[in-house]
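Q: structural data only, the sequence is not supplied:
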């Protein structure tokens, strides 16, 4: 009989308060499920130039976000890893990372953006939920 692979839960992180809530929920979910948790930070690229856009993090900022998220996740789940990636579309990059990791569940946070900001930037959580081929939990 073949050995079954460990399930993987992916959680998108960006250092925001709603992402921190997502980390807690994802870590607790992974622990209960006996899954490995992968925290994925997507550094956005500008679609025109291929260079980091105005929302992109510097290396020190990204490291700080990863450390905070890893510390929080390990409070609830023993098997945690950090993954960084880049993409023109954050939702697509998160979904691609989840596919590469063999994830069967994605957890993303959503904030309280409304109106013009949401219209201009879109909602990553909504896009992930609409396009992901696996189950998605949206944390607030």
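A: Looks like it arrived, so ask away. Small disclaimer: the values here were computed from a predicted structure and weren't measured. Numbering: from 1, shown residues only.
Q: which parts of the protein are strands?
A: Here the chain has its strands, by DSSP state E, at 8-13, 36-44, 80-87, 105-109, 135-139.
Q: could you show me where the helices are in this structure, in order?
A: With DSSP state H applied, the chain shows helices at 17-33, 59-74, 90-101, 115-121, 124-131, listed in chain order.
Q: dump these to CSV, plus mean neighbour count.
A: From N, CA and C alone the C-beta is placed, and that goes for glycine too. Below are the helices of the chain laid out as CSV (neighbours: other Cβ atoms under 10 Å):
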stretch, mean neighbour count
helix 17-33, 20
helix 59-74, 16
helix 90-101, 20
helix 115-121, 10
helix 124-131, 18
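Q: of all those, which one is nearest residue 8?
A: Nearest to residue 8 among the helices of the chain is helix 90-101; the distance by Cβ to Cβ comes to 5.2 Å.
Q: packing partners for that closest one?
A: Of the remaining helices and strands, those touching helix 90-101 by 3 or more Cβ pairs under 8 Å, 6 or more residues apart in numbering; DSSP states H and E are strand 8-13, strand 36-44, strand 80-87, strand 105-109, helix 124-131.
Q: can we see that at 10 Å?
A: With contacts defined as 3 or more Cβ pairs under 10 Å, 6 or more residues apart in numbering; DSSP states H and E, helix 90-101 has these neighbours: strand 8-13, strand 36-44, strand 80-87, strand 105-109, helix 124-131, strand 135-139.
Q: buried residues, the fourth one. List them.
A: This means strand 105-109. By neighbour count on 16 or more other Cβ atoms under 10 Å, the buried set for strand 105-109 is 105-109.
Q: contact partners for residue 42?
A: 12-14, 56-57, 83-87, 89-94, 96-97, 124 (Cβ atoms under 10 Å, 6 or more residues apart in numbering).
Q: do the same with residue 105
A: 7-11, 26, 29-30, 33, 35, 37, 98, 132, 134-137.
Q: fine, thanks again, bye for now.
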